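Peer 1: Quick one, structure for this:
(one chain, ligands or ions: 2)
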Amino acid sequence: MDGKFISFEGPDGAGKTSVIRQIQEDLEQQLGKEKVMYIREPGGSRISEEIRQVLFDNKNTDMDPRTEALLFAASRRQLVVSEIVPGLKAGKVILCDRYVDSSIAYQGAGRGLGEQEIWQINQFAINGLMPELTIYLDIESKLGLERIAEHRSDQVNRLDKEKLTFHQTVRQSYLKLYNAHPDRIKLIDASQPLASVIKDVKMTIHDRFSDLF
Ligand SMILES: Nc1ncnc2c1ncn2[C@@H]1O[C@H](COP(=O)(O)OP(=O)(O)OP(=O)(O)O)[C@@H](O)[C@H]1O
Ligand SMILES: Cc1cn([C@H]2C[C@H](O)[C@@H](COP(=O)(O)O)O2)c(=O)[nH]c1=O
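Peer 2: Ligands and ions are numbered 1, 2, ... in the order given. This is a model prediction of the structure:
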């Protein structure tokens, strides 16, 4: 498959969505809209979006952690078969706002289900399909949550409401993944002004794919 698969990861409030929007716009200018695909997790396909609704329904406070992990993996499976594989076959640049690393950090570490266990569940879902490049936007948990509180307190989801210690555990898991997979995962300091973060992300993408940016 001659497309390019790039995922974006980070603790809540790191700025992933803000960064991807700009990257998408600039790549569409360079390559044409039809060659760039933005998808987000959970969701990204019709069935995956329905699963997202269940995951984020604030009434579902009694959702078991394993149920949550399996729902994220199910959403991901459907996204892989409905959008990612066809997009790669069509030679598109796929910008994925969260992927397997999120499940490892949030469910594996944050929920305490085990990072290896979550990796295994997701292998059943993705059948080995991993991004060539993962941009990890690193930010101290408190700052990320402050950004969300300041800018989009009306869009807080069930997971955003977790305690600070949960988010700190998530960040530590991301840093472990970064240290374990230096070829795939590139860390960007997301505490910088947005323009600086975007500049660093573009340079990192160009370093991996010299025909982009
Ligand atoms: N580098 C930055 N400096 C200051 N504010 C930022 C920066 N990046 C993003 N923000 C602001 O922080 C808020 C959260 O950003 P964004 O929604 O992009 O984060 P996110 O990583 O997608 O969060 P989540 O994963 O929870 O969706 C937004 O209102 C955005 O304007
Ligand atoms: C893919 C995925 C996401 N999450 C969590 C992380 C966030 O708190 C929310 C939604 O993400 P968004 O970027 O704010 O839209 O869901 C998770 O716990 N596990 C996952 O696999």
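Peer 1: What lies in contact with the helix or strand hosting Gln78?
Peer 2: Per DSSP states H and E, Gln78 falls inside helix 65-79. Contacts with helix 65-79, where a contact means CB atoms under 8 Å, 6 or more residues apart in numbering, come from 39, 41-45, 47-48, 51-52, 54-55, 99-100, 102-103, 107-108, 111-113, 118, 121-122, 124-126. In this view, the C-beta of every residue, glycine as well, is placed from N, C-alpha and C.
Peer 1: near ligand 1 at all, that helix?
Peer 2: No - Helix 65-79 lies apart from ligand 1 when judged by CB under 6 Å from any ligand atom; the minimum separation is 13.8 Å.
Peer 1: same thing with stretch 10-23?
Peer 2: Yes - Stretch 10-23 is in contact with ligand 1 by CB under 6 Å from any ligand atom, via Gly10, Asp12, Gly13, Ala14, Gly15, Lys16, Thr17, Ser18.
Peer 1: Just those residues: which are in helices?
Peer 2: Members of the residues of stretch 10-23 next to ligand 1 lying in helices (criterion: DSSP state H): Lys16, Thr17, Ser18.
Peer 1: of those residues, list those near ligand 2.
Peer 2: Near ligand 2, by the rule CB under 6 Å from any ligand atom, you find none of these.
Peer 1: Which among those residues count as buried?
Peer 2: Lys16, Ser18 (16 or more other CB atoms under 10 Å).
Peer 1: Next up, the contacts around whatever residue of the chain ends up closest to ligand 2.
Peer 2: Distance from ligand 2 to each residue of the chain (CB to the nearest ligand atom) is smallest for Tyr106, at 3.1 Å. Contacts for Tyr106 were tallied using CB under 8 Å, 6+ apart; they are Leu159, Val170.
Peer 1: separation between it and ligand 1?
Peer 2: Distance of Tyr106 to ligand 1, computed by CB to the nearest ligand atom, to the nearest Å: 10 Å.
Peer 1: Which residues of this protein lie near ligand 2?
Peer 2: Residues of the chain lying close to ligand 2 (CB under 6 Å from any ligand atom) are Asp12, Glu41, Pro42, Phe72, Arg98, Ser102, Ser103, Tyr106, Gln107, Asn157, Leu159, Asp160.
Peer 1: which pair in the residues you listed spans the largest distance?
Peer 2: Ser103 and Asp160 (16.5 Å; CB to CB).
Peer 1: Up against ligand 1, what does this structure have?
Peer 2: Residues of the chain lying near ligand 1 (CB under 6 Å from any ligand atom): 10, 12-18, 147-148, 151-152, 190, 192-194, 197.
Peer 1: Any quick ChimeraX command for the buried ones out of these?
Peer 2: Those of those that count as buried under 16+ other CB under 10 Å are selected in ChimeraX with:
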select :10,12,13,14,15,16,18,147,190,197
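Peer 1: quick revisit: what comes up buried for the helix holding Gln78?
Peer 2: Within helix 65-79, the residues that count as buried by 16+ other CB under 10 Å are Glu68, Ala69, Leu70, Leu71, Phe72, Ala73, Ala74, Ser75, Arg76, Arg77, Gln78, Leu79.
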